[in-house]
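>>> Below: sequence and its predicted model.
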Amino acid sequence: MEKPYSPLTLEPEVQAFWQQHQSFAANENTGKPKFYCLSMLPYPSGQLHMGHVRNYTIGDVISRLQRMLGKEVLQPMGWDAFGLPAENAALQNKVAPSEWTQKNIANMRTQLQRLGFAYDWSREIATCDPSYYRWEQWLFVQLFKQDLVYRKEALVNWDPVDHTVLANEQVIEGRGWRSSALVEQKMISQWFFKISAYADELLQGLENLPGWPEQVRTMQYNWIGRSVGAEVHFPVIDKDLLLTVYTTRADTLYGVTYLSIAPQHPLALQAAEKNPAIAEFIEHCKTGNIAEAARAKMEKLGMPSGFYARNPLTNEKLPIWIANYVVMDYGSGAVMAVPAHDERDHEFAQKYHLPMKEVIAAKDHDYQQSAYTDYGAVINSAEFDGLTSAEAKSAITKALEKLELGIEKIQYRLRDWGVSRQRYWGTPIPIIYCDKCGAVPVPEKDLPVILPQNIKLTAPNSPLPQLSEFVNVKCPKCGGAGRRETDTFDTFVESSWYFTRYTCPDQTTQMLDERANYWLPVDQYIGGIEHAVLHLLYARFFYKVLRDQGLVNTSEPFTRLLTQGMVLKDGAKMSKSKGNTVDPQQLIEQYGADTVRLFMMFAAPPEQSLEWSDAGVEGAHRYLKRLWKLAQTYLEHPTTHALDIASLNVEQKSVWQQIHQTIQKVTDDYTRRQTFNTAIASMMELTNTLIAFANQSSDNDRALQRQGLETLLLLISPIAPHVSHFLWKELGHTSPIIDAAWPQVEPAALETSTLTWIIQVNGKMRAQLTLSIALTDAEIEEAVLAQANVKKFITDKTIKKIIIVPKKLVNIVVI
Ligand code: ANZ
Ligand code: ZN
């Protein structure tokens, strides 16, 4: 009786074997080349979703493949465990965030283990663990000493009803998510990482990342947003004061018709002192989301400040407006407005009936209708007329420099990274405030600053400021009364360096040790495209910071990046909010992990979106059953006979050839192309061939059958590791398939069995002849001389010599 394929009993057995043998513990001392394969760590929401399953299956396939290719592989897993959902759940379910998080981690760990991912679980990290975040606090203190972190006032979203700061995602259409109150912008003191100090290097480094998708590099390039422009100083009339603007279009200086400043600009605040209407307007500008994307869509609003300035070159008198579209934290918070050539200025000027002046020639363009934003020939600009935009930019900047009223300036869109969050569930910022000493970093010996645990949240704001035993501490410098910082870090801080800590998670005396330099950089990183900018940029920044602290000795953390596509159902992204999710757990319980993994890899190439299909899952399952049956059929009459290649007949030879063609194709698809779906398709074809060939009975037939079956198991084992482990053992192997070497192509098998020769007589082609490759030179000559057309040209002639150009051509020289 044939054994049925029962993944639900087989898979846990295989997993127990791996666990018992610590099969995936990574070791620094094997002498093998290393391969660090990393998937982005999940937020422990409680349940894995299909997006996770896809991401982690891709990573696992690559890891297992690299192991078989002879590498020592590190594939770790951990938890991005701080963050807002734990606080929301705590409020709703009256359970401490720590408890909720730990429970979710336990649940998701079980799910990952049930999928058979080859993680080194001994290196698991949870970012909410003090043994992890203490090193983040330690690094912050080092950076504090080196002036790479600083404190300044910055805007936050403030909910005036709940009396709490809101994250951008908690502001829904300008209102607080719980209170529905109109959100206000509030200035509070916050901590910043000086990422701008690395802007140029972050930009340059993008050139050296050929293993990254072009799209991601472009997004980072734009995000860093290097622009070369000029600072221009406009003398303010009746004041001993210059209003400085930043412009990328110095060529349009003669087209400036007004100036606009941000509502938070010092000049605006000055105007407000004497004018209640202005004060009210500035107050009004404080509502709404602080997020730049949300603000860009807002209606343009403005008010004249009552101040005027002069154009530094023309002396023209220009009104200074306060405008909501000017942001305080870019450039100098002031803009020289050129409505004829800038869209925002155009919209504003139309609304407030401000003049427009055309200074770039545009054919067939009505600048009253819309701004002409292209470059061109300069007009209406005195001695600069006729220059191109590029020429005018530099000529006008030079003229300004002479007057000391302007200077060329490089500006980055990238802002310093504000990391203070007024939330409970995060890493405490290790700072103590003292009236005498100011902000004092917590001494290293007092780290970690542990977040108070088991706090039940009763209100949406952080309980930390109310915890007097947490807040009231001595100043580390003077011993006087101090107050602990009660803000916590943005959770992006934890995810900016977690991948370095996997290399030495048990290290208790330093952040990283020499193992970091053994494993890093990550050879292959896999994650969602939604992290193209923030996470991947912050991680690159942190890595350079770690390098400059002497903790790692390379400059880029991720050599190769794969951004997996979305999982769709009926064309829409699978998501809870759309109610179109498929639960991975349920599928595993029905079909087993191998089926789910195979479906994921077969349905689409990893970078493309994957359309969910129940039929596709069924198909994957059916394939594994066919593979199973093929093995069982072979096992009815197994053999130890070695394949005798010399005696293969035509049919056997073609099977042998297909086995090796499949190895070649699958290897290329797995490694170079990373198209696992086409690899699987060719394995399926080979399976069909072997099934058709299954009932042969000679020793050589069965030896060939065995080679085919073993090859299939090896090739599919990174994708379906359980069934291949099981069958490999049934075939009689004593060491597990994970330790087997990747199959090698036999070049002889790829050679076709015949060759087509060109036959010449005295250098003229007279025939083509297809012959077996097994023929000797003498046999080839014999066959050539017997060919009818050749015969015609050599009768009555004397053969002087016969030249054989191997595998190509035979030339008969006659006289
Ligand atoms: C005059 C001008 C004329 C501009 C024109 C554009 C087109 P990038 O390229 O992103 O660096 N700007 C400067 N500071 C600003 C602020 N704080 N808030 C809002 N806008 C600001 O953008 C630089 C351009 O953005 C600058 O060049 C300035 O407008 C505006 F035909 O100056 B421009
Ligand atoms: Zn002090």
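It's in. Numbering: from 1, shown residues only. Ligands and ions are numbered 1, 2, ... in the order given.
>>> Quick one: mean pLDDT for the helix or strand hosting residue 713?
Using DSSP states H and E, residue 713 sits within helix 699-716. Predicted confidence along helix 699-716 averages 96 (mean pLDDT).
>>> now swap in stretch 738-753 and tell me
Stretch 738-753 comes out at a mean pLDDT of 90.
>>> for stretch 470-486, same thing?
97.
>>> cool, stretch 530-545 as well?
Computed over stretch 530-545, the mean pLDDT rounds to 95.
>>> Show me what counts as buried in it.
By neighbour count on 16 or more other C-beta atoms under 10 Å, the buried set for stretch 530-545 is 531-532, 535-545. Using the backbone N, CA and C atoms, a C-beta is placed for each residue, glycine as well.
>>> Could you do stretch 464-482 as well?
Per 16+ other C-beta under 10 Å, stretch 464-482 contains these buried residues: 464, 470, 471, 473, 475, 476, 482.
>>> quick one, what contacts the fifth one?
Under the criterion of C-beta atoms under 8 Å, 6 or more residues apart in numbering, the neighbours of residue 475 are 432, 434, 436, 437, 440, 481, 482.
>>> which stretches of the stretch 501-650 of the chain form helices?
514-519, 534-548, 584-591, 593-602, 614-636, 650-668 (DSSP state H, counting those that start in this stretch).
>>> would you turn these into a markdown table with distance to ligand 2?
Shown next, in a markdown table, are those (distance: least, C-beta to the ion, whole Å):
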| stretch | distance to ligand 2 |
| --- | --- |
| helix 514-519 | 36 |
| helix 534-548 | 28 |
| helix 584-591 | 54 |
| helix 593-602 | 57 |
| helix 614-636 | 64 |
| helix 650-668 | 65 |
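>>> Save these as a markdown table, and put in distance to residue 235 too.
Listed next are the helices of the stretch 501-650 of the chain as a markdown table, based on distance: least, C-beta to C-beta, whole Å:
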| stretch | distance to residue 235 |
| --- | --- |
| helix 514-519 | 55 |
| helix 534-548 | 39 |
| helix 584-591 | 66 |
| helix 593-602 | 65 |
| helix 614-636 | 70 |
| helix 650-668 | 68 |
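>>> Just name the most buried of those.
Greatest average neighbour count among the helices of the stretch 501-650 of the chain goes to helix 593-602 (a mean of 27), per mean count of other C-beta atoms under 10 Å.
>>> Would you tell me what helix or strand residue 346 is located in?
Assigned by DSSP H and E, residue 346 belongs to helix 343-351.
>>> Report the mean per-residue pLDDT for the helix or strand just after that helix.
As assigned by DSSP H and E, the chain's next helix or strand after helix 343-351 is helix 389-402. Helix 389-402 comes out with an average pLDDT of 97.
>>> So which bits of helix 389-402 are buried?
The neighbour-count check on helix 389-402 (16+ other C-beta under 10 Å) flags 389, 392, 393, 395, 396, 397, 399, 400 as buried.
>>> what does stretch 329-345 give?
330-342, 344-345.
>>> Around ligand 2, which positions in this structure sit nearby?
434, 436, 437, 475, 477, 478, 480 (C-beta under 5 Å from the ion).
>>> Tell me which helix or strand in this structure has the weakest average pLDDT.
helix 292-296 (a mean of 65; mean pLDDT, DSSP states H and E).
>>> roughly how far apart are the residue nearest to residue 769 when sequence neighbours are not counted and ligand 1?
Among residues not flanking residue 769 along the chain, residue 757 sits closest, at 4.9 Å (C-beta to C-beta, 6 or more residues apart in numbering). Look at residue 757 and ligand 1: by C-beta to the nearest ligand atom, to the nearest Å, they are 67 Å apart.
>>> dump the residue contacts of residue 757.
Contacts of residue 757 (C-beta under 8 Å, 6+ apart): 768, 769, 770, 771, 780, 784, 808, 809, 810.
>>> among those, which are in strands?
768, 769, 770, 771, 809, 810 (DSSP state E).
>>> isn't the fifth one right next to residue 758, touching?
Yes - assessed by C-beta atoms under 8 Å, residue 809 is found in contact with residue 758 at 4.6 Å.
>>> mind listing what residue 376 touches?
360, 361, 362, 388, 389.
>>> my guess is the last one contacts residue 251, does it?
I take that to be residue 389. Yes - Residue 389 is within contact range of residue 251, at 4.4 Å (criterion: C-beta under 8 Å).
>>> between the two, what contacts are shared?
With C-beta under 8 Å, 6+ apart as the test, residue 389 and residue 251 both reach 360, 375, 378.
>>> out of the residues you listed, which one sits closest to residue 233?
The shortest gap between residue 233 and any of those belongs to residue 378, at 21.3 Å (C-beta to C-beta).
>>> and the closest one, what does it touch?
Counted by C-beta under 8 Å, 6+ apart, residue 378 has contacts 251, 254, 359-361, 384-389, 391-392.
>>> Can you tell me the closest non-neighbouring residue to it?
residue 392 (4.5 Å).
>>> how close does the one you found get to residue 344?
To residue 344, residue 392 is 21 Å away according to C-beta to C-beta, to the nearest Å.
>>> Over to residue 154?
As for residue 154, its distance to residue 344 is 23 Å (criterion: C-beta to C-beta).
>>> need the contact list for the residue of the stretch 451-600 of the chain found nearest ligand 1.
Residue of the stretch 451-600 of the chain nearest ligand 1, by C-beta to the nearest ligand atom: residue 533 (15.8 Å). Applying C-beta under 8 Å, 6+ apart to residue 533 gives the contacts 219, 220, 223.
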